[in-house]
Each structure stands twice: as structure tokens, then as C-alpha cells.
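Engineer: build the 3D model from these lines:
(one chain, ligands or ions: 1)
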Amino acid sequence: MPALVPLRLGVNIDHVATVRNARGGRLPDPLRAAAIAAAAGADGITAHLREDRRHIVDADIDGLMRELKIPLNFEMAATPEMVGIALKHRPHAACIVPEKREERTTEGGLDAAGQHNHLKPMVAKLRDAGIRVSLFIEADARQLEAAVTLGAPVVELHTGRYCELGGAAQQAELARLQKGAALCAKLGLECHMGHGLSFADVAPIAAIPEVRELNIGHFLVGEAIFVGLEAAIREMRRIMNEARGTKA
Ligand code: PXP
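Structural biologist: Model prediction:
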């Protein structure tokens, strides 16, 4: 089998900030985690500035924009406040995610089709500022077609359900993601995936040829408690590369 195009790894550092905020001080520092991730082979850093600032805070985004040597993927809700912050910083990429205050994490994808009129001007503003816009959506033809209509060049397909399931149900969800990735290629969308991925379930996702980037956070930060962040990221890269038939 010929080697597939390389797959980028975006390391989400939100939960380094979660641990920091549990005590309200400055440590552990998400910027230090970002630097270690870059040294360990991450291609980018992802950070979600939530409306309630429960983990990443504004000063973290300031610091990342100032110090980061690899691209920042700024995860944001579709609100005027977040669009303003993105336009102020102009990160490499902005991923628009659905956000509900009461949820523990991002549950389900963005309704890109249903929110067309709300999203269209925001996507346009971000794009005009030179930010690569992605939409975090379900692997669903209607949502993918909506991403095209909205002018988003990238989509990130939600792998949360795939990670939670097992057996035949997980295989069915994997098939849905594979179909979604193939449709992305047909529609001219760059395909990313993420949410909930771990060593145990990343390989079949990494092997999907159309996928260009995975964004992984919670598992890596948890694994770092036991083996260190650098070792956790290097192992994730190794599994991704092996699944893909590519070298580091
Ligand atoms: N991609 C998106 C759009 C997300 O919202 C998240 C969670 O913040 C992730 C990827 C990473 O998910 P996890 O932390 O479960 O690896």
C-alpha cells in the first residue's frame, strides 16, 4: 500500500488550563505544555476559549500568539465576542464549535445547515482576515454541503461517538466517518477529525486517507500524568504514523 499524505497532529492544551484553574494559580502553565508539544512533534496547538473561560483564558491566547512557534487553531463559539477576539489575534486557524454553558465538553457538532444566516457573516469576516476557518460538524452530508455553502475551507468531523462506542456499533460509526471524509474530498473540503481520541482508537481514524489533521487533547493531558506529556505525544504520533504508513 503506498504511503498516505502525512497527517498533522494538533495538541489541545485546554485541560492543562483546567488543572491550573482548579487551584486558581499560574501552574501548570499551558504555554509550557504548548512548547513541549511542539518539541515532541505536534504540528499545531489547539485551544478553546470558552465563553465561561472555564479552562483557557484570554491571557493564554495572548501568550500563545506571542510565543508559539507552530500554528494555533483557535476554537471558538459563533459569537460576536469570539469573532472579535479572533480578528484581534489572527491565529492560523479558527474552528467554530457549538457551545452550551451547561455541557461538560463539546457535545455534538455545529448545526452548520440550520444556522446558515448566523454563521455566514462570521465565516466571511474570519476568512477575510486570512484565518483558515473550520467547522466542527457531524459526518453528515447535509452539514458538509452547508460548510461549502458557508465558504469554510475546512471541516473537523466529530469522533466523539466513535470513541464512546464498541463492537459493531463502533464499526458502523467508523464507516460513517470514512464516508464523510470521502465526501469532503469530493466537495473540496479539507478534512480534520477529533474529539475523544486515545491510543486505543486513533489508528482506524488515522488510516482514513482523506483526513489531514487530528486534534487531540483530553487523553494526552491525562496520559501525561503517568508518562509525561512528551512521551504521550510521541506515542500518539507513532501510532498515527504506523496506521498511515508514514514516517515521523
Ligand atoms: N476538536 C474539537 C473541535 C474539540 O472541541 C475538542 C475538545 O475541546 C477536541 C477536538 C479535542 O477533544 P479531546 O480533548 O476529547 O481530545
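
Engineer: quick one: the helix or strand where residue 37 lies near the ligand?
Structural biologist: Assigned by DSSP states H and E, residue 37 belongs to helix 30-39. No - counting by C-beta under 6 Å from any ligand atom, the ligand is not contacted by helix 30-39; separation bottoms out at 12.9 Å. Quick note: C-beta positions are derived from backbone N, CA and C, even for glycine.

Engineer: what element comes up after that helix heading to the C-terminus?
Structural biologist: strand 44-48.

Engineer: pull up the pairing partners for that next one, direction included.
Structural biologist: Using DSSP bridges, the strands paired with strand 44-48 are strand 8-12 (parallel), strand 72-76 (parallel).

Engineer: got CSV for the ones you listed, with mean neighbour count, mean pLDDT and distance to the ligand too?
Structural biologist: Putting the strands paired with strand 44-48 into CSV (neighbours: other C-beta atoms under 10 Å; pLDDT from 0 to 100; distance: least, C-beta to the nearest ligand atom, whole Å) gives the following:
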stretch, mean neighbour count, mean pLDDT, distance to the ligand
strand 8-12, 25, 98, 4
strand 72-76, 25, 98, 5
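
Engineer: before we move on, back to that, which positions within the helix holding residue 37 qualify as buried?
Structural biologist: Residues of helix 30-39 classed as buried by neighbour count (16 or more other C-beta atoms under 10 Å): 30, 31, 33, 34, 35, 36, 37, 38.

Engineer: and if you look at stretch 167-177?
Structural biologist: 170, 173, 174, 176, 177.

Engineer: over to stretch 65-85?
Structural biologist: Within stretch 65-85, the residues that count as buried by 16+ other C-beta under 10 Å are 68, 70-78, 82-83, 85.

Engineer: what is the end-to-end distance of that stretch?
Structural biologist: Stretch 65-85 has an end-to-end distance of 12 Å (criterion: C-alpha to C-alpha, to the nearest Å).

Engineer: enumerate the residues of the chain near the ligand.
Structural biologist: 12, 14, 48, 75, 95, 97, 105-106, 136, 156, 194-197, 215-219.

Engineer: thanks again, I'm all set now.
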